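**Student:** Predicted structure and sequence below. I'll ask about it afterward.
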Amino acid sequence: MNYCWLHWGPRCSCRSWLRVSIVRKSLEAAIVCNHKRTIPKTWESSLQRKKERLEAQRARARENERKLRQLIMDADGKHLERLGGYERKLREHEEKLEEYRRQLKENEEQGR
């Protein structure tokens with residue numbers, strides 16, 4: 001019985017069953033005859049080119065990773081510099097606050 005694999009019914013007019021049957025029979029014949037593909041003559045050179053391209057991509061990836069790490073280190077340094085500036089300003093403001101408190105205390109003592 002011929003069965004259509006596209007439309008899920010027997011005796012379909014699309015004849016997909018014929019195509020499936022032909023492919024199946026040719027695969028069986030290839031197995032029986034022990035057909036194997038031969039390696040192309042240019043296989044070694046194409047393999048070498050692929051290896052070279054892969055190594056070039058790895059080199060680019062290493063370079064990009066190095067650049068990225070350097071950018072991160074630079075950003076870290078800038079962040080620490082900015083943080084140091086903020087800490088310096090905070091100390092200056094704390095010193096001014098202490099000075100104002102001292103002056104206020106002196107003024108209160110003189111005013112009494």
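**Tutor:** Here it is on my side, so go on.

**Student:** Could I get the average pLDDT for stretch 35-42?
**Tutor:** For stretch 35-42, the mean per-residue pLDDT is 79.

**Student:** Can you measure across it, start residue to end residue?
**Tutor:** 21 Å (CA to CA, to the nearest Å).

**Student:** Can you show me the strands along the protein?
**Tutor:** With DSSP state E as the criterion, the chain has strands at 3-4, 9-10.

**Student:** Need the mean per-residue confidence for the first one.
**Tutor:** The pLDDT scores in strand 3-4 average 55.

**Student:** now stretch 66-86
**Tutor:** 89.

**Student:** Please parse the chain into its domains.
**Tutor:** Split into domains by automatic domain parsing, the chain comes to 1-37, 51-112.

**Student:** got JSON lines for those, with distance to Ser45 too?
**Tutor:** Glycine gets a C-beta too; all of them are placed from N, C-alpha and C. As requested, these are exported to JSON lines (distance: least, CB to CB, whole Å):
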{"stretch": "domain 1-37", "distance to Ser45": "18"}
{"stretch": "domain 51-112", "distance to Ser45": "11"}
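
**Student:** Tell me which of these lies nearest to Glu44.
**Tutor:** Checking these against Glu44 by CB to CB gives domain 51-112 as the closest, at 10.6 Å.

**Student:** From Arg101, how far out is Glu87?
**Tutor:** Distance of Glu87 to Arg101, computed by CB to CB, to the nearest Å: 21 Å.

**Student:** measure Ile39 to Leu47 for me?
**Tutor:** Separation of Ile39 from Leu47 (CB to CB) stands at 10 Å.

**Student:** and Glu20, how many residues sit next to it?
**Tutor:** One correction, residue 20 is Val, not Glu. 15 (other CB atoms under 10 Å).
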